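>>> quick one: sequence and predicted model below, then my questions.
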Amino acid sequence: MTRSGSGFSGTLGLLRLALRRDRVLLPAWISVFAVTAAVSAKATADLYPTIASRSAAAGAINSSSALIAIYGRVYDPASLGAVSMIKMGGIGGVCVALLSIILMTRHTRAEEESGRVELLGATAVGRLAPLGSAMAVILLANLVLALATAGLLAAVGLSAAGSVAFGMSWAGAGLAFGAIAAVCAQVSSTARAATALASAVLAGSYALRALGDSVFGSPLGPGWPSWISPIGWAQQVRPFAGNQWSVLVLSLCFSVALATGALALADRRDLGAGLLQTRAGPTIAAARLRSPLALAWRLQRGAFAGWLLAFVLFGMMIGGIASSVGDFLNNPSARDFITKLGGEKGLIDAFLAIELSFTGIIASAFGVQVVMRLAAEEREGRAEAVLATSVSRTRWAMGHIWIAMFGTAALLLALGGAAGLTRALQVGDANELARLVLASMAQLPAAWVLSAITVALFGIRLRLAMLGWVAFAGFILLAELGPLLNLPQWVLDLSPFAHVPRLPGVAVTPTPFALLTAAAVLLLAMGLLRLQRRDIA
Amino acid sequence: MPAILVRELVKTFGPTRALDGLDLTVQTGEVHGFLGPNGSGKSTTLRILLGLARSDSGTAELLGADPRKHAVELHRRLAYVPGDVALWPNLSGGEIIDLLGRMRGGLNQQRRSSLLERFQLDPTKKGRSYSKGNRQKVALVAALASDVELLLLDEPTSGLDPLMEASFRACLMEETDQGRTVLLSSHILAEVEAVCERVTIIRSGRTVQTGALAELRQLSRTFLSLQLAGPAPEGLGKIPGVHAVQIESLPRGLAGADHAATQLNLQVEQSALDEVLRQVTQVGVISLNSQPPTLEELFLRFYADPAIGSLTETATNAQTNAQTNAQTNEQTNTAP
């Protein structure tokens, strides 16, 4: 490997450097994944102790194409592992894939963009070493993740073979998207664009398998769209339900092929260049580009457009498949399962409430992302240029914060609008539009609270802004796993999303919305006040 | 009223004292050089003057107001060029210049285009594709194209090629001709010598010297190299202000048959120049080579750690001389 003159010489040294940089990040992520999987396996075992109760729960999912689209199909209703890992397989696989994408971009294009690769490239480090070492990091991380997860799952009582298959299915998704991200990092000339491109492929893969499992699928197996999706492959390993080991070979071959392609691209291109060239910009700025808000919009509009598109598509999807939820009205245990997940009356309303509230939490990630961009402006030294002009700190920060607030509102409006319109056309009742827009927008004050928490952290100290993501992850875990774990109510109530009524289908009082909005305003004011006091980095 | 008035400024970052009682006075209409080695606190001072950071103690006044409380109004009257220019990667240079100018409250379109021409900057490139020097030019054009009273420039020519450096100097001259005040932080002495009337030298967060360049020149030493027709005068080295005396006998015949010629090298402060010359001419001078005092030599002595004790001593001596010689020069650092 370190043969002199080879493109890979120095890879080992860079691998050590990368592992040192990630010495906190990697163990933390891997533990979160492994522990989350084990905890939800344990919780499901407690909730459905008998084969009969598990079969009923599995039947509830398998009889609804909506839930199949979101989670996938339970291929062995009697198997504890198959039932308990149904959420973890698909959605967890997406999270593992995201980790690989972030890792790959962080160690390749981001390093190159910062100029550090140039510094290294001038030493005795081969042209392929940075990419090679990043691939080694991904390989190592996913193998450790697979082993740790398998070990913990077996430890809480799932079958050993199934646990290994589950861990490997996650690793398969991780490796595939690591390789996809490696290609994206060669094609795009910025880290941001590389991450966006790889994430778009990930979203597409998830949508493909949703389509393949539900619309094209049968109880025997999915249709062809799932077989062209790496997330679909991860699910078709069918851990605890037959353990299809051969599907792992598919993931592996795909990853090796893409990795080889990425290396070939890296070998041919110039340092710093991508296949997609940056175009020239205007000589004179447009007349409206004259305020911090206009600047923030200019910086964030691309990301917002991506989010908006995803939310419209998702809204159309849940609006469209809501009717099929009624298919299993005659199955009492299915009713029990889905009402346990959070609804109160009417299975269709319950389904919509689950989907809208889940997507509401996802929408709040947009707000966090926008505030993180504000923090990046300061960290990367661009805030200094703005604040040296006649712009106050509050006005500068509010430029981004307005986009966080109104952007989240626009996303939820688009989600409810798309879902409502689709459903209104389907059932021929225009009231559905207003009902679903209202239900979706009900999440807004809670989403604002998360944005405001991030602003408050940023106001206290630049580096604390990162904790906004921790709060986001915490709220998701509380919402998804809290009820399963029978956590005390006060713990569940820590999440602002716990205070939003499950709409549509229940009565609405203004109190929780007013309180959440007040909390958001208060946190925001606190953050802005603290920002006045501290030094700008 | 001075444009900038800083008194006993202290700023700590954890255990490090970035500024340790710094004083700085910049008169309206002057180009003031702000000199110091890397990490001496120049940028920290500028950041406090911009209201980006707060001081732990001491006072700072900018255009007669508190730079933190009145940041927004003050920034309408000044422009700033950071030492390390960060641009938005997906905005073009032209867009960035316009945006910063508009947020400051206006941009002189004519000057904008003439500056683009003079700095040979392509405004259509995206921020991410500019080189370091070109990023610097974007910030310079953005700052110089606005009609402001005060320019705060933090090592503005770092990364510029010599041709562009010359363009920058020419621009700066025009700026001051129009009555603008400039604070130029730098460690490029040639640049400071070329454009500044007065300088402040800092080290480790303290002001070690401030004054007009002409005065500071008097602190620096002239290097003399002489061939004398006879033995060097006794006690040259004892004259105050004479340093590093080297005497060497030269082969016979250079100064005629019967005299031994001498090579004499020495460094002389301005105050001792007259006395040294009087003594050597009595021996007889065959040749004389003199190197004029350079600021570089002075700054090197200021920057070098061990020399600082003896230096302040000579500096004070020389300052007294300077004051008696040139009473018209107001010395701000000795004013009560």
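Sure thing, it's come through.
>>> in contact with residue 194, which residues?
Using chain A. By CB atoms under 8 Å, 6 or more residues apart in numbering or on different chains, the contact set of A:Ala194 is A:Thr105, A:Thr108, A:Arg109, A:Ala181, A:Cys184, A:Ala185, A:Val187, A:Ser188. For every residue, glycine as well, the C-beta is placed using N, CA and C.
>>> to clarify, I was referring to chain B.
The neighbours of B:Ala194, taking CB under 8 Å, 6+ apart as the test, are B:Arg169.
>>> give the buried residues for the host helix or strand of it.
Of the helices and strands defined by DSSP states H and E, B:Ala194 is found in helix B:189-195. Neighbour-count burial for helix B:189-195, counted by 16 or more other CB atoms under 10 Å in any protein chain shown, picks out B:Leu189, B:Glu191, B:Val192, B:Glu193, B:Val195.
>>> pretty sure the fourth one is touching B:Ala214, no?
What that stands for is B:Glu193. No: B:Glu193 lies out of contact with B:Ala214 (CB atoms under 8 Å); the separation is 11.1 Å.
>>> how about chain B: which residue is closest to chain A?
Proximity to chain A, evaluated over chain B using CB to the nearest CB, is greatest for B:Ser92 at 2.7 Å.
>>> ok, and the closest non-adjacent residue to that residue?
Using CB to CB, 6 or more residues apart in numbering or on different chains and skipping the chain neighbours, the partner closest in space to B:Ser92 is A:Gly281 (2.7 Å).
>>> next, the distance between the ends of stretch B:168-184.
In terms of CA to CA, to the nearest Å, the two terminal residues of stretch B:168-184 are separated by 12 Å.
>>> contacts for it, please.
Residues from elsewhere that reach stretch B:168-184, judged by CB under 8 Å, 6+ apart: B:3-4, B:26-34, B:46, B:49, B:115, B:118-119, B:140, B:144, B:148-153, B:156-157, B:160, B:191-192, B:194-196.
>>> and it, what's its mean pLDDT?
Average pLDDT, stretch B:168-184: 90.
>>> list the buried ones in it?
Buried residues in stretch B:168-184, defined by neighbour count with 16+ other CB under 10 Å: B:Phe168, B:Cys171, B:Leu172, B:Glu175, B:Thr176, B:Arg180, B:Thr181, B:Val182, B:Leu183, B:Leu184.
>>> give me the subset of these lying in helices.
B:Phe168, B:Cys171, B:Leu172, B:Glu175, B:Thr176 (DSSP state H).
>>> domains of chain A?
Domain assignment for chain A, taken from automatic domain parsing, gives A:1-276, A:288-537.
>>> can you put the ones you listed in a markdown table and add mean pLDDT?
Compiled in a markdown table, the domains of chain A are given as follows (pLDDT from 0 to 100):
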| stretch | mean pLDDT |
| --- | --- |
| domain A:1-276 | 89 |
| domain A:288-537 | 87 |
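>>> residue of the stretch 151-300 of chain A nearest chain B, please.
When CB to the nearest CB is the measure, the stretch 151-300 of chain A has its nearest residue to chain B at A:Gly281, with 2.7 Å between them.
>>> hmm, back to that, pick out the most distant pair among the buried residues of stretch B:168-184.
Across those, the two members that end up farthest from each other (CB to CB) are B:Phe168 and B:Thr181, 17.0 Å apart.
>>> need the strands for the stretch 1-150 of chain B, in chain order.
Along the stretch 1-150 of chain B, the stretches classed as strands by DSSP state E, counting those that start in this stretch are B:4-13, B:16-26, B:31-35, B:57-62, B:78-81, B:150-154.
>>> now those in a markdown table, with distance to A:Leu47?
Formatted as a markdown table, the entries for these read as follows, by distance: least, CB to CB, whole Å:
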| stretch | distance to A:Leu47 |
| --- | --- |
| strand B:4-13 | 53 |
| strand B:16-26 | 56 |
| strand B:31-35 | 70 |
| strand B:57-62 | 62 |
| strand B:78-81 | 62 |
| strand B:150-154 | 63 |
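>>> how about the ones you listed in TSV, adding distance to chain A?
Supplementary listing: the strands of the stretch 1-150 of chain B in TSV, determined by distance: least, CB to the nearest CB, whole Å:
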stretch	distance to chain A
strand B:4-13	9
strand B:16-26	11
strand B:31-35	17
strand B:57-62	12
strand B:78-81	4
strand B:150-154	8
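>>> got TSV for those strands, with mean neighbour count and mean pLDDT too?
Rendered in TSV, the data for the strands of the stretch 1-150 of chain B read as follows (neighbours: other CB atoms under 10 Å in any protein chain shown; pLDDT from 0 to 100):
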stretch	mean neighbour count	mean pLDDT
strand B:4-13	18	94
strand B:16-26	20	94
strand B:31-35	25	93
strand B:57-62	18	94
strand B:78-81	26	94
strand B:150-154	24	95
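>>> in a markdown table, list the domains of chain A along with distance to B:Gly41.
Conversion of the domains of chain A to a markdown table gives the following (distance: least, CB to CB, whole Å):
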| stretch | distance to B:Gly41 |
| --- | --- |
| domain A:1-276 | 26 |
| domain A:288-537 | 14 |
